[in-house]
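K.L.:
Provided below are the primary sequence and the corresponding predicted coordinates.
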Amino acid sequence: MDSSLSDYDRVVRLFRHSMASSTIISVERIQNKRLHRNFIEEKQYWINNGQSNVNEQLLFHGTSADVVDAICRRNFCWRRAGSSRGHAYGRGSYFARLASKSDQYCKVDSNDYKYIIAAKVLVGRSAVGQQGYTLPPPINASNDTVRYDSCVDNVDHPEIFVIFNETQLYPNYLITFKS
C-alpha cells in the first residue's frame, strides 16, 4: 500500500478495488482504546517472543447493522462466528482480502445500507483451515503447544482468513454503503 496515503484513503481505495460500483455512504474510524491496547500488546508479545512473521493486514468483515455496535465495543466474537454462513475453515472470525467477498456476508438494513468493517488483523503464520477447527493446527504434529496463528482458504494465495484469538483483531473502520 502507498504509505503517503492517509489511513482513510487506504481503506477507501482497498474497498473500491473490488466494490467500484457501490456507493459509499460513510467511512467512520472506530476508536476503542481498550481493544486497540489489547491488539498492540498482542503484537508486541509476538515480537518480544521472536515471532518474525507478525504479518499485520487490513482485511474486511461483512456484517449486519444489529451487530456493528457490539463489534465496535467488544470486538469480533468467535461465539457468533459462522452465524450467517457456516464454518468452512474453522470456528473463528472470518475476514477477506477483498471487500467484495465480505459483501457476500452483509445483510441489508431498512435503508438498503450494508456494513463492512475494515479491521487490522495479525495474520502471522497460516495453515489451511478445516471445518472442525476451534484453534489453528499445530505447526509440528509432535508438539501441540506451538500452533499456527490463523487459518486460510489457500496458503499460497489466501483470500479468506480465520482468526481464533480476538486480541489479534482490531475493528478499525466501519464502511456503510449501498450496492
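P.N.:
Perfect, thanks for sending it. Residues are numbered from 1 along each chain as shown.
K.L.:
which ones are touching the nearest residue to S64 once chain neighbours are set aside?
P.N.:
Using Cβ to Cβ, 6 or more residues apart in numbering and skipping the chain neighbours, the partner closest in space to S64 is K107 (3.7 Å). (C-beta placed from N, C-alpha, C; glycine too.) Taking Cβ atoms under 8 Å, 6 or more residues apart in numbering, we find K107 in contact with T63, S64, A65, S84, K114.
K.L.:
using PDB, list the CA coordinates for stretch 129-137.
P.N.:
What follows is stretch 129-137, C-alpha atoms only, in PDB (Å, rounded to 0.1, in the frame of the first residue of the first chain):
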ATOM      1  CA  GLY A 129      -8.400 -24.400   7.800                       C
ATOM      2  CA  GLN A 130     -10.900 -27.200   8.200                       C
ATOM      3  CA  GLN A 131     -14.500 -27.200   9.300                       C
ATOM      4  CA  GLY A 132     -14.000 -28.700  12.800                       C
ATOM      5  CA  TYR A 133     -11.100 -26.500  13.900                       C
ATOM      6  CA  THR A 134     -11.600 -24.400  17.100                       C
ATOM      7  CA  LEU A 135      -7.900 -23.400  17.000                       C
ATOM      8  CA  PRO A 136      -5.300 -23.300  14.200                       C
ATOM      9  CA  PRO A 137      -3.400 -26.600  13.800                       C
END
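K.L.:
pull the residues that contact it.
P.N.:
86-92, 126-127, 147-153, 162, 164.
K.L.:
quick check: longest helix of this protein.
P.N.:
helix 33-48 (DSSP state H).
K.L.:
what comes into contact with that helix?
P.N.:
The contact list for helix 33-48 (Cβ under 8 Å, 6+ apart) reads 54, 56, 74-75, 120, 122, 124, 165-171.
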